[in-house]
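**Q** Show me how the following folds:
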Amino acid sequence: MKIGAQDRRSSAISTSNAETILVRGRDLCAELIGKISFTDHVWLLVTGDLPSPSQRRVLDATLVAIAEHGLVPSVQASRLTLAAAPEALQGAVAAGILGCGSVILGSTEAAGRLFDDVLTRSPGDLESGARAVLGELVAARRAIPGYGHPLHKGYDPRSRRLLEIATEAGLAGRHIEVSGVIERLLPEMTGKSLAMNVSGAIPAVLLDAGYPLLALKGAPILARTASLIAHLLEEQQRPIGFVLSHAAAAAIEYDGRAPDGFVRSDQ
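**A** Presented below is the predicted three-dimensional model:
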């Protein structure tokens, strides 16, 4: 079943013949392998063009900033999957990636759409647009994506560093400006002082660098994949998957029905 118009049956990303492999119109072996970095290649694949040195620096910084953040739920899901199916590394990586949603990693895209919405509704005055968008979120009792962190209360050090890098690279622009306006307005409009977290800084700096809004979610997913591979290598060498499982079982009380005299075993 066809969904939507599909009149153009073509792709502009890659093709090949017996002698040459083309990626975005460039000879993979003659122009890319050994000549560009993986960060360059990501930008090329996503946008169709090689990045400028400034764009490369900003994208590279975001990938480093978000790759690893400890035993978060997506990492635990990945480790537990490998513990249950040690032959399926790809399944364990996929399990971790599937855990990237509106709370973990996916908030990068939501924050980027927030910034884009403010800019769209701010023909001249960013504050008026920000107030309108934030007012709707507050009225709907929705979280403000990209702001607040359970550990980094005053400021997220990763956000501060990414904004510094964007400024040093000469790419700080309207999205970063919007992110600052929102942060300034949040105490007044929500009653809470919510610092911009790394999932807010990443879209701010990437969008100002020219990275596409529709591909924003892919940046943290790409970065976290590298971290998942590291965790899964460690899981094979120094397994803790069943330790995590045991700790979860011990931490949760059973409050369902049970026969008279039943005593839960020591977890």
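**Q** Can you list the buried residues in the helix or strand containing Val93?
**A** Assigned by DSSP states H and E, Val93 belongs to helix 89-98. By neighbour count on 16 or more other C-beta atoms under 10 Å, the buried set for helix 89-98 is Leu89, Ala92, Val93, Ala94, Ala95, Gly96, Ile97. Using the backbone N, CA and C atoms, a C-beta is placed for each residue, glycine as well.
**Q** Closest one of those to Gln55?
**A** Closest approach to Gln55 among the buried residues of helix 89-98 (C-beta to C-beta): Ile97, at 25.0 Å.
**Q** Surely the closest one and Ile221 touch.
**A** Yes: applying C-beta atoms under 8 Å as the test, Ile97 and Ile221 come out as touching, 6.0 Å apart.
**Q** Show residues contacting the helix or strand following the helix holding Val93.
**A** For helix 89-98, the succeeding helix or strand toward the C-terminus, using DSSP H and E, is helix 107-120. Residues outside helix 107-120 that contact it (C-beta atoms under 8 Å, 6 or more residues apart in numbering): 66, 102, 126, 129-130, 133, 144-147, 174-175, 178-179, 181-182, 199-200, 202-204, 206-207, 213, 216-217, 219-220.
**Q** likewise stretch 140-158?
**A** 65-66, 102, 107-108, 110-111, 113-114, 134, 137, 179, 182-183, 186, 190, 192, 194-201, 203.
**Q** Averaging pLDDT per element, find the lowest-scoring helix or strand in this protein.
**A** helix 241-251 (a mean of 91; mean pLDDT, DSSP states H and E).
**Q** that older thread, give the ChimeraX command for selecting the buried subset of the contacts of stretch 140-158.
**A** Only the buried entries of the contacts of stretch 140-158 go into this ChimeraX selection, using 16+ other C-beta under 10 Å:
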select :65,66,107,108,110,111,114,134,137,179,182,183,186,190,194,195,196,197,198,199,200,201,203
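**Q** Among the buried residues of helix 89-98, pick out the one closest to Val263, please.
**A** Nearest member of those to Val263, counting by C-beta to C-beta, is Ala95, at 34.2 Å.
**Q** Could you find the closest non-adjacent residue to that closest one?
**A** Thr81 (4.1 Å; C-beta to C-beta, 6 or more residues apart in numbering).
**Q** what helix or strand does that neighbour sit in?
**A** helix 73-84.
**Q** Can you list the buried residues in that helix?
**A** In helix 73-84, counting by 16+ other C-beta under 10 Å, buried: Ser74, Val75, Gln76, Ala77, Ser78, Arg79, Leu80, Thr81, Leu82, Ala83.
**Q** Now tabulate the residues you listed in a markdown table and tack on distance to Gly25.
**A** Listed next are the buried residues of helix 73-84 as a markdown table, based on distance: C-beta to C-beta, whole Å:
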| residue | distance to Gly25 |
| --- | --- |
| Ser74 | 35 |
| Val75 | 37 |
| Gln76 | 42 |
| Ala77 | 38 |
| Ser78 | 36 |
| Arg79 | 40 |
| Leu80 | 43 |
| Thr81 | 38 |
| Leu82 | 39 |
| Ala83 | 44 |
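**Q** Can you lay out the residues you listed as a markdown table showing pLDDT and distance to Ala61?
**A** Compiled in a markdown table, the buried residues of helix 73-84 are given as follows (pLDDT from 0 to 100; distance: C-beta to C-beta, whole Å):
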| residue | pLDDT | distance to Ala61 |
| --- | --- | --- |
| Ser74 | 91 | 21 |
| Val75 | 94 | 22 |
| Gln76 | 94 | 27 |
| Ala77 | 94 | 27 |
| Ser78 | 96 | 24 |
| Arg79 | 96 | 27 |
| Leu80 | 96 | 31 |
| Thr81 | 96 | 30 |
| Leu82 | 97 | 30 |
| Ala83 | 96 | 33 |
